[in-house]
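Peer 1: Curious how this folds, go ahead:
(2 chains)
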Amino acid sequence: MAVSVLTENKEKFEEFKKVIEEYKGKEGPLMPILQKAQEIFGCLSLDVQNYIAEELNIPITDVYGVATFYAQFTLKPKGKYKIGVCLGTACYVKGSQKVLDKLQEILNIKVGDTTDDGKFTLEATRCLGACGLAPVMMINDHVYGRLKPEDVEGIIAKYRDE
Amino acid sequence: MEMVKVTIDGIQVEVPKGSTVLEAARLANIDIPTLCYLKGINEIGACRMCVVEVKGARALQAACVYPVSDGMEIRTNTPAVREARRVNLELILSNHDRSCLTCVRNQNCELQELAQKLGVNKIRFEGERIDYPIDDFSPAIVRDPNKCILCRRCVSVCRNVQGIGVIGVSERGFDTIVSPVFGMSLNDVPCIYCGQCIEACPVGALREKDDTERIWDALNNPDLHVVVQTAPAVRVALGEEFGMEMGTIVKGKMVAALRRLGFDKVFDTDFGADLTIMEEGTELLNRIKNGGKLPLITSCSPGWVKYCEHYFPEFLDNLSTCKSPHQMLGAMIKSYYAEKNGIDPSKIFVVSVMPCTAKKFEVTRPELRATGYPDVDAVLTTRELARMIKQAGIDFVNLPDEEFDPFFGDSTGAGVIFGATGGVMEAALRTVAEIATGKPLDNVEIMEVRGLEGVKEAEISLGDITIKAAVAHGTANAKALLEKVKSGEKEYHFIEIMGCPGGCVNGGGQPIVKAKDRMDVDSRQVRAAAIYREDRNLPLRKSHENPSIKRLYEEYLGHPNSHKAHQLLHTHYVPRKKY
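Peer 2: Coordinates of the predicted model:
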């Protein structure tokens, strides 16, 4: 089995072991352990979840059920560029869904997924507080406003080439 | 017992305190529909099919989990109740693969039955439909999430009854799915293929890998000599598939049906069981005498064996090296029988009819090919055999009784009781006691190892040694027992473990007992009672008294655990990863 994430970085693994020791035996240990695991490893991969299940002596399906229930957890590492398309009311009315659809099409991934090259993660977000610029998307910390679906290709190309 | 009075639809009943509304209603002869409820296994009030009005309660309540209290007034047939149940059902149906006509559970589906009962005669809600790939990569179990109604009965039985938890609920809202983690196949996770999930499934979302077409092809192939053998638990359950009462012994009709299907020989896995006792009993005495690895643990149940390989590899040396009975018989058919009858073993096709889905995996093991060919070529579950009998137009209920073919059809009561938890232990002790002491047993019925307690213990005195024995059924019970052996808290010479709760009579390949019927009868008990009745009916009840077994050793194998016996009848195990 791929123990890679756990063994490839000894320091991270040692840190995580301490987290498990801290919460083991306490009531409701799974949520805080998952949060810390994501903080340390960046995502909740199979080997991380399997390790948690073994340590807490619970079926891995219990761990996975929680990890997939909450939007705060991610199973795959996030891409280098995190694209967040606002689906808040103002942006939605101004056609942000079409922008999102276009992004799914050109990146060939679904919302929540990351491209195979690890470059882009596509997410739908709530109101970003830039309603005046609707529809809006963010790529990492950069805001793009007054978008039209046809603008998207060019913007993505810029990041692709970097 | 403290009793409380409740009124249900105007009928007053007195029920034990702590009962649920569902239980109370049954006492008043009122039928409340259920779907996610499975007595003792899944009581979570999730599907809202059993909602009722409780006077004073804010909303409709789920009868399967709502406890009664004194003076409670319940109404089960009001417009609000009927409407709620119906809409809930219609919403489930709106995202269900409704290919009922071609579904393996057609006419044996709890969802279908409810739709009819609640009068749903058109689909009002047509919306988005989930479309998942079908997981049919394993040799034993097929998972079809498009038919899943998320009742969680399979999840509960896998996680809580079997202590495994390879399937669980993940994602949320419309995307909620019951599956292994990370969308993996059952083939890639430590599933033991016990099939208890199939027994729990109300619909066709979980089913066995159907091998009936392969068997029809073999039967239609003039070049093949097609031989069938049947496990002890099949004969006490097959009748249920034809509307016969649970616990009816249909051995004779089953043999007759198999002949009519066209099998060239109809043999009895009970012979293999007798042979197993000879080998395993000898192995036990040798290990005790020569300081071998103890406790010796039985290896008949392929679900248990795979469980041991995944979850307790440190006990692999404790597992008996004996193949399971049908594999032993398969090996004998392709060696002794083939030689004696001048048939090329490559032209023999051995089919095992088993109460078991894990056997479908077992026959694919590369180590179980004693003659260079698979010991057994294909496995049919009890349900699949019933399907073939129906396809062939055989009037099963009115068949005459017929006998197994001689020699490999000869068996004893010891072979029969392999079908129930404790049976292998009891059969082994019947023989071991006589071999060790040289004296016949006063009473062959060893009651301590019978029954449905999770872990049973017995001490049997064999002259100068006392054998300490334990029996566990269902892998959660096995786990608890093995933990105690591991920690040194308990010490035994001999342990029997069967993967399914109740043993093979309740195996994952047996006729499915609906949730509603499970409220009244325990199939583990009723079918096991039939097994013990059959044992009592037989003239010979000890494996070593089987005359054909004696002849097989004289003519072919030499003696138990001989070199030849080891080559043909014994095997080895491999540790397996979890994830």
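Peer 1: Enumerate every residue touching residue 103.
Peer 2: Because you didn't say which chain, this covers chain A. With contact set as C-beta atoms under 8 Å, 6 or more residues apart in numbering or on different chains, A:L103 has these partners: A:I83, A:V85, A:L122, A:M137, A:V152, A:I156. To be clear about C-beta, it is placed using only N, CA and C from the backbone, and glycine gets the same treatment.
Peer 1: you looked at the wrong chain, it should be chain B
Peer 2: B:C103 makes contact with B:C109, B:K147, B:V203, B:G204 under the criterion C-beta under 8 Å, 6+ apart.
Peer 1: Quick check: the last one vs B:C158, distance?
Peer 2: To tie it back to what came earlier, the one meant is B:G204. Distance check for B:G204 against B:C158: by C-beta to C-beta, to the nearest Å, it reads 18 Å.
Peer 1: for the first one, same thing?
Peer 2: When distance is defined by C-beta to C-beta, B:C109 is 21 Å away from B:C158.
Peer 1: more neighbours, the two?
Peer 2: Neighbours were counted for B:C109 and for B:C158 using other C-beta atoms under 10 Å in any protein chain shown; B:C158 has more, 25 against 20.
Peer 1: What residues does chain A have near chain B?
Peer 2: Applying C-beta under 8 Å from any C-beta of the partner chain, one finds that chain A approaches chain B through A:1, A:46-47, A:49-50, A:58-65, A:68-69, A:75.
Peer 1: care to break the chain down by domain?
Peer 2: In the absence of a named chain, this looks at chain A. A:4-69, A:81-160 (automatic domain parsing).
Peer 1: Hmm, no, I was thinking of chain B.
Peer 2: As assigned by automatic domain parsing, chain B contains the domains B:130-208, B:213-569.
Peer 1: and the first one, how far out from the chain's middle?
Peer 2: Translated: domain B:130-208. Averaging C-alpha positions (C-alpha atoms, centre = their mean, to the nearest Å) puts domain B:130-208 17 Å from its chain's average.
Peer 1: so how many other residues sit close to residue 48?
Peer 2: Just so you know, I chose chain A. Other residues near A:V48 number 25, with proximity taken as other C-beta under 10 Å.
Peer 1: hmm, I had chain B in mind actually
Peer 2: Counted by other C-beta under 10 Å, the residues lying close to B:R48 total 18.
Peer 1: Which element, helix or strand, includes it?
Peer 2: Secondary structure assignment for B:R48, by DSSP states H and E: no helix or strand.
Peer 1: show me the contacts for whichever residue of the stretch 201-350 of chain B sits closest to chain A.
Peer 2: The minimum distance from the stretch 201-350 of chain B to chain A, using C-beta to the nearest C-beta, falls at B:Y311 (11.2 Å). For B:Y311, the contact set (C-beta under 8 Å, 6+ apart) comprises B:P190, B:T475, B:K479, B:K578.
Peer 1: Out of these, which one has the lowest pLDDT?
Peer 2: On pLDDT alone, B:K578 ranks lowest of those, at 94.
Peer 1: Count the neighbours of that residue for me.
Peer 2: Neighbours of B:K578 (other C-beta under 10 Å): 13.
Peer 1: got the contact list for it?
Peer 2: Listed by C-beta under 8 Å, 6+ apart, the contact partners of B:K578 are A:M1, A:N50, B:V189, B:P190, B:H310, B:Y311.
Peer 1: And A:E27, by the same measure?
Peer 2: By C-beta under 8 Å, 6+ apart, the contact set of A:E27 is empty.
Peer 1: ok, now how distant is it from chain B?
Peer 2: Counting by C-beta to the nearest C-beta, to the nearest Å, the gap from A:E27 to chain B is 20 Å.
Peer 1: Now that residue: phi and psi?
Peer 2: Main-chain torsions, A:E27, degrees, to the nearest 10: phi -80, psi 140.
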